[in-house]
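Asks: okay, structure incoming, though there's no sequence with it:
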């Protein structure tokens, strides 16, 4: 039985293990948190990412290693890679951990993005705003996700405020794209170079956090799916990538602009657990182990809802037909992803009514909120948290 090492023990690592256990795989997770959600599904090495002795213990006996989030320190990734095989490679982390490096990389491939420019100090902010234009989105170059570390600015005064609110750290200023919709493509590449793509997914965010997705995205012309796969294929080949990669796009006037890259399994691909012939998690494991990739074909249509901040009533959710509940084992707190619900329908024409029904469930009294647990979690967070990130999204 192969032993898979995973840097990070969050919900993505947990779902990787849930996909791998039926294949006879074993897992070992490296995560500094003693409450890592994935810890219940394998060995857990709990230590800081720069603890060499613990990293050595983590890598001993592994058949292959991977990571479940892109903020793994690059020295940690390099160390693990040096003691075996890490997929995707540290190169993918180096590109995607810095938004400026990522944008420049995408442009070098001849792919389209919004206009952008870097700001390293406040003295150059005004001139960058002139070159990029307003409105714009200011994003920290590093350590931003789920809407954290980014703000929409519409005036020079708002930009000055955002510069201070974002900690006067290096940022990328991106031109605001009046997109028609946000799309993402989950794609997998095996060790041999074999590549398979899932259908494009339509994503809906609130305050920069993904709330719900439709898969496959409605009314996608074959040419647009082909354009997305071509762009993602260019990225995979340039990185000599192995594993699942996600490319986030803006659809604008019938064309695609690359927004961001995620070198991992992705929230917008969670629907594949029940809604595709092979889930993104199983295909990632197949890829890094050198096994044949599975079919990425959709089974009907899926609606994905994230559970954010408070857990729903289990009985209410499970009473819905063709509906699947996933709870991640994380303490509730405002804005935190605690799980997801996937609802499957047979035909695209059924999506509208089912989507409306599920959204009503999520907005009514069917949500259970454990106030005591939230209060405790917030008190613990207040003692340990870094300065607050500011959320925002187009």
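Replies: Now that the structure is in, tell me what you want to look at. As the structure is a computational prediction, the values presented were derived from the model and not from experiment.
Asks: does residue 188 touch residue 284 like I think?
Replies: Yes - at 6.5 Å, residue 188 counts as touching residue 284 under the criterion of CB atoms under 8 Å. Where C-beta positions appear, they are placed from N, C-alpha and C, glycine not excepted.
Asks: shared neighbours of these two, which are they?
Replies: The contact sets of residue 188 and residue 284 overlap at 243-244 (CB atoms under 8 Å, 6 or more residues apart in numbering).
Asks: return the residues in contact with residue 234.
Replies: Residue 234 neighbours (CB under 8 Å, 6+ apart): 109-111.
Asks: a markdown table please, covering these and showing distance to residue 5.
Replies: Shown next, in a markdown table, are those (distance: CB to CB, whole Å):
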| residue | distance to residue 5 |
| --- | --- |
| 109 | 30 |
| 110 | 35 |
| 111 | 32 |
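Asks: filter these to the buried ones?
Replies: residue 111 (16 or more other CB atoms under 10 Å).
Asks: from the contacts of residue 234, pick the one nearest residue 83.
Replies: Checking those against residue 83 with CB to CB, the nearest one is residue 109 at 31.1 Å.
Asks: if I look at that closest one, how far off is residue 176?
Replies: According to CB to CB, to the nearest Å, residue 109 stands 23 Å off from residue 176.
Asks: neighbours around the residue nearest to residue 107 when sequence neighbours are not counted, how many?
Replies: Leaving aside its chain neighbours, residue 107 sits nearest to residue 113 (6.3 Å; criterion: CB to CB, 6 or more residues apart in numbering). The number of residues packed around residue 113, counting by other CB atoms under 10 Å, is 18.
Asks: from residue 289, how far off is residue 113?
Replies: Residue 113 sits 33 Å away from residue 289, going by CB to CB.
Asks: with residue 237 instead?
Replies: Going from residue 237 to residue 289 by CB to CB gives 21 Å.
Asks: which residues are in contact with the closest residue to residue 176 other than its chain neighbours?
Replies: Spatial nearest neighbour of residue 176, chain neighbours left out: residue 135 (4.2 Å); criterion: CB to CB, 6+ apart. Applying CB under 8 Å, 6+ apart to residue 135 gives the contacts 152-154, 176.
Asks: quick one: residue 135 from residue 173, how far?
Replies: Per CB to CB, residue 135 is found 11 Å from residue 173.
Asks: host element of residue 362?
Replies: Per DSSP states H and E, residue 362 falls inside helix 351-363.
Asks: on that earlier part again, let's have the contacts of residue 234 in JSON lines, adding secondary structure and pLDDT.
Replies: Shown next, in JSON lines, are the contacts of residue 234 (DSSP: H, G, I helix; E, B strand; the rest coil; pLDDT from 0 to 100):
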{"residue": "109", "secondary structure": "coil", "pLDDT": "98"}
{"residue": "110", "secondary structure": "coil", "pLDDT": "97"}
{"residue": "111", "secondary structure": "coil", "pLDDT": "98"}
